[in-house]
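I'd like to go over a predicted model; first the sequence, then the structure.
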Amino acid sequence: MKTILEVQNLCKNYEDTKVLNNINFKVDEGEFIAIMGQSGSGKSTLLYSISGMDRPTKGNVLLSGKDISNLEDEKMAEVRLNKMGFIFQNSHLLKNLSIRDNIVLPGFKSAKLLRDEINQHADKLMEKTGITSVATHDIKKVSGGQLQRAAICRALVNQPDILFGDEPTGSLNSSTTKEVMDIINAINREGTTVMIVTHDVKVATRAGRVIFLLDGNIHDELLLGKYNEDENKSSSREKRLFEWLEKQGF
C-alpha cells in the first residue's frame, strides 16, 4: 500500500501548554481513520496541525512524500485547496450563495478544471448525495442534513487526495448521521482517504482504524478493517470498539 500521509514527531504547544507530544503515524492511500479521545486530548489540534490550518511547533507532515509542515502560508493554502477536503461540525456555507454556488466556489478558485467541467462534477456530486432538488435554494431554506451533504460536495469538488472531518456529524440526529456516514463510506470505497475526529462510537465504527489520543499522545490503535454494511458484522465492530474504548478509560 502507498503511504499518502506520514506524521513524524509532531508536537504542538500553546505558550507553556503541551497539546501534542511526538505524534507518529502513517496513513495508507484509501484508508479510513477515526481519531478518538476525551475532551482536551488534542484530537482537533492534531487534525488542524496535519492539514496546515494550524502550524506544529515541531515535527513534520508528509503528504504523498512531500513535507508540507514548513510551507509558506500561500503555498499551504494551495495544498489545502487542491489536495485536501474538509467537513466540519457546522457546514460553514456562505449565506449569500445558493447551495450549488457554495459547492462550485472552491473549484472556480482552484481552476484545475474548466468551469463547465467543475459544474458537471458538482452536478454529479449533488446527484450522488441526493441534494439536486435543493441546488438553487438559499442555505437557510434547507435541512441540517442537506447542508452537511452540500458541505461534503464542496469538500470533494476539487477531487482531493484526502478528506478531513472534524465532528462532521456532531450537529445531526441519529438517522441523518447514518445517511451522512453512508455517503462518506461510499466516498472512501471509491478510493478517497478519510480521516475524521469524532466522539461518536457509531461513527467511529465506520473507520478501518481508530487512533485513541490521551493527553496529547497516541495511547493505542484498533484495527477494525473495512466497514461492511452487514448488520451482524456492524454490531460486532461496535462491540469490539466499545470494549476497547473501556480499556482506554473513555
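Received the coordinates, thanks. Numbering: from 1, shown residues only.

quick one: buried residues of stretch 218-233?
Residues of stretch 218-233 classed as buried: 218-219, 222, 224, 227 (neighbour count, 16 or more other CB atoms under 10 Å). (Glycine included, C-beta is placed from N, CA and C.)

closest to Lys112 among the residues you listed?
Tyr227 (29.9 Å; CB to CB).

wait, isn't the closest one in contact with Ala204?
No - taking CB atoms under 8 Å as the definition, Tyr227 is not a contact partner of Ala204, at 10.6 Å.

mean confidence score for the longest helix along the chain?
In the chain, with assignment by DSSP state H, the single longest helix is helix 231-248. Per-region confidence: helix 231-248 scores 85 on mean pLDDT.

tell me how many other residues crowd Asp182.
Asp182 has 14 neighbouring residues, counting by other CB atoms under 10 Å.

any idea how far Lys239 is from it?
According to CB to CB, to the nearest Å, Asp182 and Lys239 sit 21 Å apart.

could you give the bridge partners of Leu222?
Residues in a beta bridge with Leu222, per DSSP bridges, are Val210.

show me what contacts it?
209-210, 212, 240-241, 244 (CB atoms under 8 Å, 6 or more residues apart in numbering).

switch to 7 Å and redo it
210, 241, 244 (CB atoms under 7 Å, 6 or more residues apart in numbering).

which one of the residues you listed has the most neighbours?
Neighbour counts for the contacts of Leu222, by other CB under 10 Å, peak at Val210, which reaches 24 neighbours.

helix or strand for Ala186, which one?
helix 174-189 (DSSP states H and E).

what's the following helix or strand past that helix in contact with?
Downstream of helix 174-189, the first helix or strand assigned by DSSP H and E is strand 193-197. Contact partners of strand 193-197, identified using CB under 7 Å, 6+ apart, comprise 4, 27, 29-35, 43-44, 47, 161-168, 184, 187-188.

try it again at 6 Å.
4, 29-35, 43-44, 47, 162-166, 188 (CB atoms under 6 Å, 6 or more residues apart in numbering).

same check on stretch 28-48?
Contacts of stretch 28-48 (CB under 6 Å, 6+ apart): 1-4, 12, 19-20, 27, 54, 164, 166, 188, 191, 193-198, 204, 207-214, 216.
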